[in-house]
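**Q** Show me how the following folds:
(2 chains)
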Amino acid sequence: GQQLNQSPQSMFIQEGEDVSMNCTSSSIFNTWLWYKQDPGEGPVLLIALYKAGELTSNGRLTAQFGITRKDSFLNISASIPSDVGIYFCAGLTSGTYKYIFGTGTRLKVLA
Amino acid sequence: EAGVTQSPTHLIKTRGQQVTLRCSPISGHTSVYWYQQALGLGLQFLLWYDEGEERNRGNFPPRFSGRQFPNYSSELNVNALELEDSALYLCASSFSQGQETQYFGPGTRLLVL
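**A** Now for the predicted structure:
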């Protein structure tokens, strides 16, 4: 199936460090969503973006809707052990009514 | 407010059997989506139901089917199970029109032996 390119695939960082990940697509999207998934659980919505250039924060998380509408970025500041999990981006193309999901970034935080 | 609920949480079946998974959306949501997530992989879109009708379908064979009931809950049926059907099956719901933000349930983990 079709998927977005999400990078990095995995990250090992020290507690307190900042984290950056991104998603890129060959298609233009109208909506970008960022989810976090813990093992064996369903994804939990972190941030939703609806306009090109939009920058939205949720606590220590900040996400941006790229100006070209083909990419999005998620930053986590001052990481803590509970940030461990898999982060997925999802994009929606106008008219398709179908979200395309990124391949995921697996984050591990070392205390 | 209750989130998306799914049942059962876990299921073990053998090859060739049939399985039915259930999903109840968030109150007020009329759209239900089904995704398959194989171990260590991303989410693959299966089906989208809205107002009782199938609106879109992913690249899966016809033995994957489902329906949505008048109360907007939904079932996913998988016939003639194959080993590669082993996965976490996730249901999500949203307000109508398919462009709204989706909220996920905890998933049903299916193991096919």
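
**Q** For the residue nearest to residue A:27 when sequence neighbours are not counted, which residues are in contact?
**A** Distance criterion Cβ to Cβ, 6 or more residues apart in numbering or on different chains; nearest residue to residue A:27, sequence neighbours excluded, is residue A:93 at 5.4 Å. For every residue, glycine as well, the C-beta is placed using N, CA and C. Shown in contact with residue A:93 (Cβ atoms under 8 Å, 6 or more residues apart in numbering or on different chains): A:27-30, A:100.

**Q** mind checking the SS state of residue B:84?
**A** Under DSSP: H, G, I helix; E, B strand; the rest coil, residue B:84 falls in the helix class.

**Q** Run a quick neighbour tally on it.
**A** 9 (other Cβ atoms under 10 Å in any protein chain shown).

**Q** List the contacts of it.
**A** Contacts of residue B:84 by Cβ under 8 Å, 6+ apart are B:38, B:112.

**Q** got it, and residue A:38?
**A** If you count contacts by Cβ under 8 Å, 6+ apart, residue A:38 has them with A:44, A:85.

**Q** hmm, 10 Å instead?
**A** A:44, A:82, A:84-86, B:106 (Cβ atoms under 10 Å, 6 or more residues apart in numbering or on different chains).

**Q** Quick one, which of these are buried?
**A** A:85-86, B:106 (16 or more other Cβ atoms under 10 Å in any protein chain shown).

**Q** okay if I get those as CSV plus pLDDT, secondary structure and distance to residue A:61?
**A** Below are those laid out as CSV (pLDDT from 0 to 100; DSSP: H, G, I helix; E, B strand; the rest coil; distance: Cβ to Cβ, whole Å):
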residue, pLDDT, secondary structure, distance to residue A:61
A:85, 94, strand, 12
A:86, 94, strand, 15
B:106, 94, coil, 22
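
**Q** out of the residues you listed, who's nearest residue B:85?
**A** Distance to residue B:85 across the buried ones among the contacts of residue A:38 (Cβ to Cβ) is lowest for residue B:106, with 19.0 Å.

**Q** Who are the contact partners of the residue nearest to that closest one when sequence neighbours are not counted?
**A** In this structure, residue B:106 finds its nearest non-sequential neighbour in residue A:42, 4.8 Å apart by Cβ to Cβ, 6+ apart. Going by Cβ under 10 Å, 6+ apart, residue A:42 touches A:35, B:3-4, B:6, B:35, B:37, B:43, B:88, B:90-92, B:103-108.

**Q** close enough to count as contact, residue A:82 and residue A:109?
**A** Yes. Under the criterion of Cβ atoms under 10 Å, residue A:82 makes contact with residue A:109 at 8.2 Å.
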